[in-house]
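Undergrad: mind looking at a prediction? Sequence and model below.
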Amino acid sequence: MSQEKIELFESELSEERERKKQLTSDLNTVQKALKVESEELQKSKSELICLYNEIQSLPGAEEERDHFLIAYDLLQRENSELETKNPSSGEKRKYQQQEELQQLRQNLHRLQILCNSAEKELRYERGKNLDLKQHNSLLQEESIKIKIELKQAQQKLLDSAKMCSSLTAEWKHCQQKIKELELEVLKQAQSVKSQNNLQEKLAQEKSRVAVAEEKILDLQQKLEHAHRVCLTDTCILGRKQLEEKIKEAIENEAKIKQQYQEEQQKRKLLDQNMNELQKQVKILKDKENQLEMTSSQQQSRIQQQEAQLKQLENEKRKSDEHLKSNQELSEKLSGLQQEKEALREEYGQFLKRLDVHVRNYNEKHHHHKAKLRRVKDRLVHEVELRDERIKQLENEIGALQQQMEKEKAFQDQITTQNDILLLEKRKLLEQLTEQEELIHGNKWIISSVQSRVLFLDKENKQLQENSLRLTQQVGLLERIIRSIHIRRGEETISDIPEFEVLNKIVPLPNSSFSGTGLIESAGSLQETEEHRSEEAMVNPKSLESLSCSQNSEAGYINVASLKEIHHIQE
C-alpha cells in the first residue's frame, strides 16, 4: 500500500511540474502579447497626436476667412452706397453677392462643425487610450503577482519532493527490518522444531531408564535368591562373570548418564531459547497482523512447515525402530542383576551431583529470566518507537495530501485567471480594431476637410480678385459720375440709360464668377457626399460620423452668427 501511495505521489508531482511549465509558457506568451499591444497603442497615440496637430492648424484658416468676411462687409457697405446712387444696376449685383455670401457662410459652418466633431472624437479616443493604459498596468501587476505565486508553488513542490524522498528511504529501511525479522522467525521456528524432537527423544530415554530400573530391581531379587541358594564354586564363577558383566553395564550406564546430562543441558538451553522464541513469536504475530501483505508469504511458509512435519513423522518412525533395538538391549541388561548394588551407590552420588547441578541451573535460570525481561522491555520500547514513527509518517502523508489538494485548487485558479486574461485580450484586440477603423474614418474626414479648405482658399483668392476688380470699377464709376455731372447739359447723354453706359464702359465679370463658383462648389459637395455614402456602405461603423457630417452640412448660418462665434473663440 505504501509503495502504491508513493508512486501516486510521484505521478502527481510530475503532472504538477508539467502544468507549471505550461503556465510559465502561457505567461510568457501573454507578456509578449501585452508588449505588442503596448507598441500598437503607442503607434495609435502618435497617429492621433499628428491628427490633432493637423486639426489644430485649421483655426488659422478660419481666422483668415473671418478677416475676409470683414473686408467683404466693407465692400458691401460701399456697394450699398453706390446702389443708392444707381438703384437700378446695384440690385442685381446685390442679390448675386448675397447668394455667394450665403454659400460661403454655409461652407464655413460645415467646416466648423466638422472640426468640432473631430475634436470630440479625439477627446473620446484620448479617454479610451488612458483607460487602456490603466488596464495594461493592472494586467502587468496581475502578471507579477502570478509569477510570485508560481515561485511559491515551485518551492512547495520542491519541499514535498524532498519529503517524499525521505519517506521512500524510511519505507525501504522498514522493509529491510521486516525481512530480517522474518529470517529470525524462520530460524526460531526451526529451533522450536529441533527442541520438540529433542523433548520426544528425552521422553523416550526416560521411559527406557524406567524400564531399566525395573529390570535392575528384578535382578537384585534374583541375586539375593541366588546368594541364598548358590554358595558353591559354580556360583563364585558365575559371580565373577556377573561382576564382569556388571562392570560393563556400569560403564555403559556411565556413558548413558553422560549422554543424559548432555541432553538435559541441551534441553535447558532449548527451553531458554524456546521461551525467548515464544515471546518473539508473539511480537512477530502482532506485527504480522499489522502487515497484511505478508499473509501470502506465511501461508507458503505453513505449507513448508507441513512438509517438515511429514519429515519429522518419518524420523519418528525411525526412532521407534531405534526403541525396538533399545528394548533388545534392555533384555540383555536382565543378566546384569548383580551389578545393581554398585550401581545404587553410584546412583546416590549421581543424585547428589544432580542436586548441585539443579541448584546451579535454577540460579542460571533466574539470571536468564532477568535478561529476558530486559530484552522484552527493549523490544517493547522499540515497537513503541516504530509505532510513533509510523503515526508521524501517516500524519506527514495526510499533510502532503492536503498540500497537493491546495496546489490543485491554486492551479485551477491560475487556469481561470488565464482564461479571464485571454477574454480581456480578445476584447482589447476588438477595441483596437474598432479604434483603427475610427482612425481611418477620421483620416478620410480630415482629408475631405483639407480638400474643402483648399477649395475655399481658391474661392477666397477669386473673391479677393473680384473685390479688387470691384474697387477698380467703383473708381471708374465715380469718374463716370463726375463726367456725367459735368455734362448734364448734353442731350445725348441724358437719353442713354445709365445701365447701358456702364455695361459699355466696364464689362462686369460677376456673373461668370457667381455661376462658375456656385457650380464648382455644388459639384464638389455632391462628390464628397457620394464618396461618403459609398464608404458608409463598406464600413457600417462610420455611419455615425457620416450622419454627423451630413447634419452639419445641412445647417445654415448667417454672417452675424459667424462673427459672434469668432468673438467667442477669441
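TA: In hand now; what should we look at? Numbers count the residues shown, from 1 in each chain.
Undergrad: if I look at residue 368, how far off is residue 276?
TA: Using CB to CB, to the nearest Å, one obtains 9 Å as the distance from residue 368 to residue 276. The C-beta positions use only the backbone N, C-alpha and C, and glycine is treated the same way.
Undergrad: residue 435: neighbouring residues, count only.
TA: As a burial measure, residue 435 scores 18 neighbours (other CB atoms under 10 Å).
Undergrad: pLDDT score assigned to it?
TA: Looking at residue 435, its pLDDT stands at 85.
Undergrad: please apply the same query to residue 256.
TA: Reported pLDDT for residue 256: 73.
Undergrad: so which other helices or strands are in contact with the strand or helix carrying residue 370?
TA: Assigned by DSSP states H and E, residue 370 belongs to helix 340-486. Judged by 3 or more CB pairs under 8 Å, 6 or more residues apart in numbering; DSSP states H and E, the packing partners of helix 340-486 are helix 2-56, helix 58-85, helix 87-229, helix 233-290, helix 498-505, helix 510-538, helix 543-554.
Undergrad: tell me the angle of it relative to helix 233-290?
TA: 10 degrees (axes from the mean of the first three to the mean of the last three CA atoms, to 10 degrees).
Undergrad: got the angle for helix 340-486 vs helix 87-229?
TA: For helix 340-486 against helix 87-229, the angle by the same axes, to 10 degrees is 180 degrees.
Undergrad: for stretch 364-382, buried residues please.
TA: Buried positions in stretch 364-382, judged by neighbour count with 16 or more other CB atoms under 10 Å: residue 368.
Undergrad: let me see the domain layout of this structure.
TA: 2-162+413-569, 173-385 (automatic domain parsing).
Undergrad: lowest mean pLDDT across those, which one is that?
TA: With a mean of 65, domain 2-162+413-569 has the lowest mean pLDDT of those.
Undergrad: measure residue 424 to residue 304 for me?
TA: 72 Å.
Undergrad: likewise residue 210?
TA: Per CB to CB, residue 210 is found 37 Å from residue 304.
Undergrad: now residue 25
TA: Distance of residue 25 to residue 304, given as CB to CB: 59 Å.
Undergrad: likewise residue 202?
TA: Distance, residue 202 to residue 304, using CB to CB: 26 Å.
Undergrad: the two - which one has more neighbours?
TA: Regarding residue 202 and residue 304, a neighbour count based on other CB under 10 Å identifies residue 202 as having more, with 16 against 12.
Undergrad: identify the residues contacting the more buried one.
TA: 263-264, 267 (CB atoms under 8 Å, 6 or more residues apart in numbering).
Undergrad: could you dump the residues you listed into a markdown table and include neighbour count and distance to residue 472?
TA: Formatted as a markdown table, those follow (neighbours: other CB atoms under 10 Å; distance: CB to CB, whole Å):
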| residue | neighbour count | distance to residue 472 |
| --- | --- | --- |
| 263 | 16 | 163 |
| 264 | 15 | 163 |
| 267 | 17 | 159 |
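Undergrad: setting aside sequence neighbours, what's the nearest residue to residue 170?
TA: residue 393 (6.8 Å; CB to CB, 6 or more residues apart in numbering).
Undergrad: tally of neighbours for that neighbour?
TA: Residue 393 sits with 16 neighbouring residues when counted by other CB under 10 Å.
Undergrad: that one and residue 465: what is the separation?
TA: To residue 465, residue 393 is 105 Å away according to CB to CB.
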